[in-house]
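# structure of the sequence below:
(one chain, ligands or ions: 2)
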Amino acid sequence: MKLISIVVPAYNEEANILSMYEKLVQELHLLPYRYEIMFINDGSSDGTLLEILKLAERHPDVKYISLTRNFGKESAILAGLHRIQGDAAILMDSDLQHPPELIGQLIEGFEEGFHQVVAKRSRTGDSKFRSFLSSFYYKIVNAVTDVDFVDGEGDFRLLSRKAINSILQLSESNRFSKGLYSWIGLSKKIISYENVQRVKGTSKWSFWSLVNYGIDGIISFNLKPLRVCFYTGFLVLFLSLIYIAVTLYEILKEGVGAPGYFTTITAILFLGGIQLISLGVIGEYVGRIYNETKRRPNFLIDISNADDYDES
Ligand code: UDP
Ligand code: MG
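Numbers count the residues shown, from 1 in each chain. Ligands and ions are numbered 1, 2, ... in the order given. Have a look, this model is predicted:
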């Protein structure tokens, strides 16, 4: 019988762990597969680890990893992927926003031979403003980057062993998982589900963390922003050359009129702005190069009951 590994990152989810486990098992029992449920405690400051330990004590199918601090969801998932043994992995949030009822459909897709089966969520229940921002964001990202991001396709997905191994081969430390899933390629099937609101605990996304996530998405996957700076620089240079020529012509023809304070200052501000943007973009890349060259691991494990494989 094939082994299915459920990978569940958890950060301050003490109120959800138990019901998550129960719902998972309820579904998994119906299916003709062996399963393991891998909880990754991402440095929670509440009783999440305790809840997981209690489960692990009673159920041999519960595996866990506890990280030394909060490394972020992406790193937590990566830690889980390193330690699972399944023929396929299903990545799920621990807040019950990813309905376990879909596990059957995900596995069906896997049996049909797809390497990635993605559960795509609708945006019902999200505020109009947020849905607008995200669809706008995805339009921009897809225009600018080289990989394909789809709104609503998150981490809730099944990965075949081949897809897991491909993800594990990517060693970069600045991980933007949506991009990585797209980057590895392989066959993909999409199933849809209605968005579910979180019942217990709070979302870990603040406005600014979403903005930063958005920037990561654009920067991680291409060098086009650098090129945009380059072209904008050229355009500005071209325009100012025309401006200079025209002004020079007028001065030669009519002599110096009123000193052009306004035009001078706008030109300076405009150029200053462009330069700052360019510097910022370059800084982003330099920062990333700096991070990659440090070659730090993506996570550190504190305690775990999963077999020790090689560290990433
Ligand atoms: N999570 C995590 N580490 C973090 C932040 C979140 O492991 O630093 C987990 C969290 O416990 C949950 C999942 O990632 O299982 C999704 O988080 P959240 O519900 O806050 O995101 P949202 O559903 O609002 O996008
Ligand atoms: Mg959530």
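
# residues making contact with stretch 15-30?
4, 6, 8, 10, 13, 35, 37, 39, 48, 51-52, 55, 59, 61-62, 92, 94-96, 100-101, 103-104, 199-201 (CB atoms under 8 Å, 6 or more residues apart in numbering). Where C-beta positions appear, they are placed from N, C-alpha and C, glycine not excepted.

# can that stretch be said to contact ligand 2?
No - Stretch 15-30 lies apart from ligand 2 when judged by CB under 5 Å from the ion; the minimum separation is 9.5 Å.

# alpha carbons of that stretch, as CSV, please.
The C-alpha trace of stretch 15-30 is given here as CSV (Å, rounded to 0.1, in the frame of the first residue of the first chain):
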residue,chain,number,x,y,z
ALA,A,15,-6.6,25.6,19.4
ASN,A,16,-6.6,23.8,16.0
ILE,A,17,-4.1,20.9,16.2
LEU,A,18,-6.4,18.4,17.8
SER,A,19,-9.4,19.1,15.6
MET,A,20,-7.1,19.1,12.5
TYR,A,21,-5.8,15.7,13.4
GLU,A,22,-9.3,14.3,14.0
LYS,A,23,-10.6,15.6,10.7
LEU,A,24,-7.6,14.3,8.9
VAL,A,25,-7.9,10.9,10.3
GLN,A,26,-11.6,10.8,9.6
GLU,A,27,-10.8,11.3,5.9
LEU,A,28,-7.7,9.2,5.7
HIS,A,29,-9.4,6.2,7.3
LEU,A,30,-11.8,6.0,4.3
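
# what comes up buried for that stretch?
Residues of stretch 15-30 classed as buried: 15-17, 20-21, 23-25, 27-28 (neighbour count, 16 or more other CB atoms under 10 Å).

# of those, which are in range of ligand 1?
By CB under 6 Å from any ligand atom, no member of the buried residues of stretch 15-30 lies near ligand 1.

# looking at the residues you listed, which is nearest K189?
The shortest approach to K189 among those belongs to E27, at 18.8 Å (CB to CB).

# quick one: name whatever helix or strand follows the host helix or strand of that closest one.
Using DSSP states H and E, E27 sits in helix 17-29. Later in the chain than helix 17-29, the nearest helix or strand by DSSP H and E is strand 34-41.

# tell me, how many residues neighbour K200?
11 (other CB atoms under 10 Å).

# now do L180 against A163, distance only.
10 Å (CB to CB, to the nearest Å).

# please convert the buried residues of stretch 15-30 to a markdown table, extending it with pLDDT.
Output for the buried residues of stretch 15-30, formatted as a markdown table (pLDDT from 0 to 100):
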| residue | pLDDT |
| --- | --- |
| A15 | 91 |
| N16 | 91 |
| I17 | 93 |
| M20 | 93 |
| Y21 | 94 |
| K23 | 92 |
| L24 | 93 |
| V25 | 94 |
| E27 | 91 |
| L28 | 92 |
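
# which positions within stretch 81-99 qualify as buried?
For stretch 81-99, by 16+ other CB under 10 Å, it's 81-84, 86-99.

# could I get that stretch in PDB with only the CA atoms?
The C-alpha trace of stretch 81-99 is given here as PDB (Å, rounded to 0.1, in the frame of the first residue of the first chain):
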ATOM      1  CA  LEU A  81       9.400  17.600   3.100                       C
ATOM      2  CA  HIS A  82      12.900  16.600   4.100                       C
ATOM      3  CA  ARG A  83      11.700  14.200   6.700                       C
ATOM      4  CA  ILE A  84       8.600  12.500   5.200                       C
ATOM      5  CA  GLN A  85       8.800   9.100   3.600                       C
ATOM      6  CA  GLY A  86       5.500   9.100   1.600                       C
ATOM      7  CA  ASP A  87       5.000   8.300  -2.100                       C
ATOM      8  CA  ALA A  88       3.100  11.500  -2.100                       C
ATOM      9  CA  ALA A  89       2.900  14.500   0.200                       C
ATOM     10  CA  ILE A  90      -0.200  16.700   0.800                       C
ATOM     11  CA  LEU A  91       0.600  20.200   2.200                       C
ATOM     12  CA  MET A  92      -2.100  21.600   4.400                       C
ATOM     13  CA  ASP A  93      -2.500  24.500   6.800                       C
ATOM     14  CA  SER A  94      -3.300  23.600  10.300                       C
ATOM     15  CA  ASP A  95      -6.100  26.100  10.700                       C
ATOM     16  CA  LEU A  96      -8.700  24.000   8.900                       C
ATOM     17  CA  GLN A  97      -8.900  26.400   6.100                       C
ATOM     18  CA  HIS A  98      -7.800  23.600   3.800                       C
ATOM     19  CA  PRO A  99     -10.700  21.200   3.900                       C
END
